[in-house]
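# pasting a predicted model and its sequence here:
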Amino acid sequence: MEKKIPPIIKIIVTSVLFFAFIPFGAFSQETGFNSKEYLLKAIFLERFTRFVEWPLEAGVDRIETPFVIGIIGGTPFESVLETVYADQPIKGKTVEIRHWETVEEINGCPGCHMIFISETDADSLKKIIAAIRDFPVLTIADSTGYGRSGVHINMYMEKNQVRFEINHKAARQSGLAISYLLLKVAKLVESSSGV
């Protein structure tokens, strides 16, 4: 039977997701980067982790090791993430940003907890998903159709706000548990390939 969420819970979840911890103006002045969209998306990465549980072997609970965000492909997002997470922890841990140009470099993302997948061609995306599908790594993107391609959380803009879709089945296959609270405020999608 489907759980009903009281309206107040939906309001709390939405507040947790949308409340920004950095003023836009200060960020733009310090970095010269003036895209509110990428800043919001960077903040969302941390917000998502509040509603995701990793298996013990992923080491997210070990405070002495950093929370590792990988980025594959070319994107202006990397510099935003480095700025936002220079001092902002995730799961109480310092944040380390890693960058890969090719899927061959990923090699299962050892020690990685989250990977942001930049827009790429369909064949490369399939290879990236296949390379990390069976590892407890939360995949995130912001490109049309990526949720149906097997990315766990895919962000998109709608009416000047960041929205997101979740491929819950793909996340479960990677050993991740996404809270039903987050699922209730997301658009749920399934992989077109049946993942």
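Great, that's in hand.
# all the helices of the protein, residue numbers only.
Applying DSSP state H to the chain gives helices spanning 7-18, 24-31, 36-49, 77-84, 103-106, 122-132, 168-173, 180-184.
# reformat those helices as a markdown table; add mean pLDDT.
Shown next, in a markdown table, are the helices of the chain (pLDDT from 0 to 100):
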| stretch | mean pLDDT |
| --- | --- |
| helix 7-18 | 50 |
| helix 24-31 | 45 |
| helix 36-49 | 88 |
| helix 77-84 | 87 |
| helix 103-106 | 85 |
| helix 122-132 | 93 |
| helix 168-173 | 96 |
| helix 180-184 | 92 |
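# in CSV, list these along with mean neighbour count.
Any C-beta I mention is one placed from the backbone N, CA and C, and that applies to glycine too. Listed next are those as CSV, based on neighbours: other C-beta atoms under 10 Å:
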stretch, mean neighbour count
helix 7-18, 12
helix 24-31, 13
helix 36-49, 20
helix 77-84, 19
helix 103-106, 15
helix 122-132, 17
helix 168-173, 18
helix 180-184, 16
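# dump these into CSV; add distance to Val68 as well.
What follows is these, written out as CSV (distance: least, C-beta to C-beta, whole Å):
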stretch, distance to Val68
helix 7-18, 22
helix 24-31, 22
helix 36-49, 12
helix 77-84, 12
helix 103-106, 12
helix 122-132, 13
helix 168-173, 18
helix 180-184, 21
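# tell me which of those helices sits nearest to Glu158.
helix 36-49 (11.7 Å; C-beta to C-beta).
# gap between that closest one and the chain center?
Remark: helix 36-49 is offset 8 Å from the chain centroid, using C-alpha atoms, centre = their mean, to the nearest Å.
# report pLDDT for the residue most central in space within the chain.
The residue lying closest to the centre of the chain (C-alpha atoms, centre = their mean) is Ile140, at 3.8 Å. If you check Ile140, the pLDDT there is 97.
# which residues touch it?
45, 48, 114-117, 151-155 (C-beta atoms under 8 Å, 6 or more residues apart in numbering).
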